[in-house]
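Q: 3D model of this:
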Amino acid sequence: MKTDWTSIYILTIVTFLGLFKIAAVNSATLWAYMKLIDPTVNTTFLGFINSVSSSTNLVMSFIAGVISDRLGDTKPCIIAGKCLWIVAIFSYFAIEVVPEQHKVSIIIMEMCFGFSMGLMSVSRTTMAMSSTVEDRPKAMSISSLAASSGIALGPALVLPCTLIPYPGIALAFGLHFNVYTAPMYIILGTTIVSIVLLVGWLDGTMKTVETSEVTVLAGSQDVLSGTQDTLNSTRGVLSSTQTTQSVDSTQVEYFTNGTAGTTSENGIVPAEHYRTVQNRRKRHGRFDKFAVFLCCLTRIAQSSTMLFMVNIGGPYMMTAFGWTSQQLITYNSMFHTLVGVLCAVVSISYLLNIAQRYITDRQAIVSSVFLSLLYYLITYPYSFLPNTIPYQVLDDNGTVIQPGCELKYKWCATTPQVNVYVYMTAKLVCFGIGMSLMMLNLDLLYSKILGNIRQGKMQGLFLISGDVFTIIGPTILT
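A: Next up, the predicted model:
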């Protein structure tokens, strides 16, 4: 089997274009947009729609894995998932056209994105099964570099749009081009490009050594089944050939699953070679279940950190630091741009085989978990901090003059305010370095543990393990 670099590069481009959406239109951006349209919206609704997205993602991840294993091809699921993006994008546009039904539009959008991400989760299976074990770290590094570049470029393109006064430039059908809608217009274009690339050039065939070496194994089985007559005739042909080089009968070689062996003088296959091949066939399709459990447990820990940073981070920053919707989008875009730069540096170090010289897969994963723990310790609201979270200021009509904590939250009066620079720096290091180390090494290690099997269902299980907490977590925490 050879690495299918064409499919890997296509998935890399699609990943780059897809991460633009996640970076530019995340929960913080959506929260700012919802608060602008409906100031009465609460964080419970934000938690609900995040749970909807995660639950649909979870269900569809496993279904997509089963379908791909049955078809032996991941391409149909990936393309179907990408097409759902178009439905989600137009649902987002409907928020502005029918503002009184904005909650319905948002729920439909999150459901479509959830189903889409679940269907497209098999792309990691394609990445793993289209590359050899030797090339897989390089393939994963290229994909991670594309992802980090998308994280950096997406918010960077949004920043100039913050200069456009709301509601922005008027378009047809009651739509406007502004900081809240501009990313979706760009994403619509990149989605169409992605679909064309996937349809035209992606090979989603699930390749294994078992299928790629079927001819070799078939030939080897003839030897193992005791075709002594064939061996004897082969020896006779070799001995009768007029060459200047003599052929030792003990050096007639056969190949079993890529391993060279020799026949004995009487044409009998040595027992140790026979046992080796049988043991390999017996082991084929098996993997270390405890190691799989540890990888899934680590992914749960990763998802819990991502849950707070991505889903809860937006409302928390607006509340704790008194930011307006415009300020949240501006600062969040700047933050994600810096995160993308750090992720790119880490990915390049792996792509150039620099990081591998100093740190193993296991050490990188442990370091990532440590950085996540350090983030919580640094950003904890300790009692010795001088200030508490400020409340919002309202005029006589109930209009917000100065943003801050809503008056109904009594805990703000006793909760210390974390320094904004300390908070953002800790978040940057954890997100930019810690999470990139985790994403690079955990996926790679998991694919190595699974080995040479059709990984669709097991990759789906891996994704589900992380999404289980994100289903109930947003609703509980908000």
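
Q: Now the element after the longest helix anywhere in the chain, going C-ward?
A: If you go by DSSP state H, the chain has its longest helix at helix 43-71. On the C-terminal side of helix 43-71, the closest following helix or strand by DSSP states H and E is helix 75-97.

Q: just checking, what packs against whatever helix or strand comes next after that next one?
A: Moving toward the C-terminus from helix 75-97, the next helix or strand (DSSP H and E) is helix 102-120. Secondary-structure packing of helix 102-120 (3 or more CB pairs under 8 Å, 6 or more residues apart in numbering; DSSP states H and E): helix 27-37, helix 43-71, helix 75-97. Placement of C-beta: from N, CA and C, glycine included.

Q: could you point out where the protein is predicted with low confidence?
A: 1, 23-24, 208-285, 310-311, 453-457, 459-460, 463-478 (pLDDT under 70).

Q: Would you map out the domains in it?
A: 5-209+285-380+418-477, 210-283 (automatic domain parsing).

Q: Any chance of the backbone angles for Ser383?
A: phi -70, psi -20 (degrees, to the nearest 10).

Q: same thing with Cys405?
A: Phi and psi for Cys405, reported as degrees, to the nearest 10, are phi -70, psi 140.

Q: Is the closest residue to it other than its chain neighbours in a helix, a strand, or coil?
A: In space, and not counting its chain neighbours, Cys405 is closest to Cys412: 3.6 Å by CB to CB, 6 or more residues apart in numbering. Classification of Cys412 by DSSP: H, G, I helix; E, B strand; the rest coil places it in helix.

Q: returning to that earlier point: identify whichever of the helices and strands packed on helix 102-120 lies nearest to Ile365.
A: helix 43-71 (21.4 Å; CB to CB).

Q: And that closest one, what's buried?
A: Within helix 43-71, the residues that count as buried by 16 or more other CB atoms under 10 Å are 43, 45-62, 64-65, 67-69.

Q: Just send the domains of the chain back as JSON lines, with distance to Tyr391 too.
A: Shown next, in JSON lines, are these (distance: least, CB to CB, whole Å):
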{"stretch": "domain 5-209+285-380+418-477", "distance to Tyr391": "9"}
{"stretch": "domain 210-283", "distance to Tyr391": "64"}
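
Q: Determine which stretch of the ones you listed is the most buried.
A: domain 5-209+285-380+418-477 (a mean of 19; mean count of other CB atoms under 10 Å).

Q: circling back: remind me what the longest helix of the chain packs against, helices and strands.
A: Using 3+ CB pairs under 8 Å, 6+ apart, helix 43-71 sits against helix 27-37, helix 75-97, helix 102-120, helix 456-477.

Q: again, only using 6 Å
A: With contacts defined as 3 or more CB pairs under 6 Å, 6 or more residues apart in numbering; DSSP states H and E, helix 43-71 has these neighbours: helix 75-97, helix 102-120, helix 456-477.

Q: now those in TSV, with distance to Pro390?
A: Formatted as TSV, the helices and strands packed on helix 43-71 follow (distance: least, CB to CB, whole Å):
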stretch	distance to Pro390
helix 75-97	30
helix 102-120	28
helix 456-477	22
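
Q: all helices for the stretch 251-400 of the chain, in order.
A: 271-283, 289-306, 313-321, 325-351, 361-378 (DSSP state H, counting those that start in this stretch).
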